[in-house]
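Colleague: Return a 3D structure for these sequence lines:
(2 chains)
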Amino acid sequence: DAGVTQSPTHLIKTRGQQVTLRCSPKSGHDTVSWYQQALGQGPQFIFQYYEEEERQRGNFPDRFSGHQFPNYSSELNVNALLLGDSALYLCASSPDSYTGELFFGEGSRLTVL
Amino acid sequence: AQSVTQLDSQVPVFEEAPVELRCNYSSSVSVYLFWYVQYPNQGLQLLLKYLSGSTLVESINGFEAEFNKSQTSFHLRKPSVHISDTAEYFCAVSGASGTYKYIFGTGTRLKVLA
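Modeller: Predicted coordinates:
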């Protein structure tokens, strides 16, 4: 049973560019959340998708957007990259009927130069 | 609003010694509480959780945590640590209803020394 998979694992961008990160949830999970983990910090909630809709959003600017597909996979898009966007981006999935645990992928490490 | 405080950024401890990692939270609503562990270059893995019922929860690898509502704490303990327990530990809280986001603390780096 594959867990949460994310791609790419590492990427380097320059300021002003745009990036798309991808996530496939654990089998049987229909809810996907995205978190940003800056170096030395805990994960910060970006948003959550359920039934292809953004259900809740954290305190992130509109440069951060997402999408969920009918197969429950998800994308995180970040436009006009800033140096401060350098972080590990974590995708987490959960079955909507159970709020007790998030299953995390290994993350996509974004470096903005 | 909810928040989580992990007072210790780093905790060094000798192998086979006991350890306690502290977590305090703030919330105006009922909460679920979690401890996650992150090994280098990996995602987060759930260590244990409190949803309801018994305030003492245990993991399969010897960790335990106790929910203390009056102290708003959820400290993580292990009576005897191993080298393999070296990792970053994150405490997290979510609202028991009405919110879907998890609030994480800043993490505690546990370093087990031989």
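
Colleague: what does chain A have sitting close to chain B?
Modeller: Proximity of chain A to chain B (C-beta under 8 Å from any C-beta of the partner chain) is limited to residues A:4, A:31, A:33, A:35, A:40-45, A:48, A:55-56, A:58, A:90, A:92, A:99-107. Every C-beta, even on glycine, is put in place using the N, C-alpha and C of the backbone.

Colleague: 7 Å instead?
Modeller: A:41-43, A:45, A:48, A:55-56, A:58, A:90, A:99-102, A:104-107 (C-beta under 7 Å from any C-beta of the partner chain).

Colleague: Give the PyMOL command for selecting the buried subset of those.
Modeller: Of these, the buried ones can be selected in PyMOL as follows, counting by 16 or more other C-beta atoms under 10 Å in any protein chain shown:
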select buried, chain A and resi 42+43+45+48+55+58+90+99+101+102+104+105+106+107
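
Colleague: In chain B, which residue is most central in space?
Modeller: Geometric centre of chain B, nearest residue: B:Trp35, 3.4 Å, by C-alpha atoms, centre = their mean.

Colleague: wait, doesn't that residue sit right on B:Ala87?
Modeller: No - using C-beta atoms under 7 Å, B:Trp35 is not in contact with B:Ala87, being 11.2 Å away.

Colleague: The residue nearest to the residue nearest to the centre of chain B when sequence neighbours are not counted: neighbour count?
Modeller: Distances taken as C-beta to C-beta, 6 or more residues apart in numbering or on different chains put B:Leu47 closest to B:Trp35, at 4.3 Å, once the chain neighbours are dropped. Close neighbours of B:Leu47, defined as other C-beta atoms under 10 Å in any protein chain shown, add up to 20.
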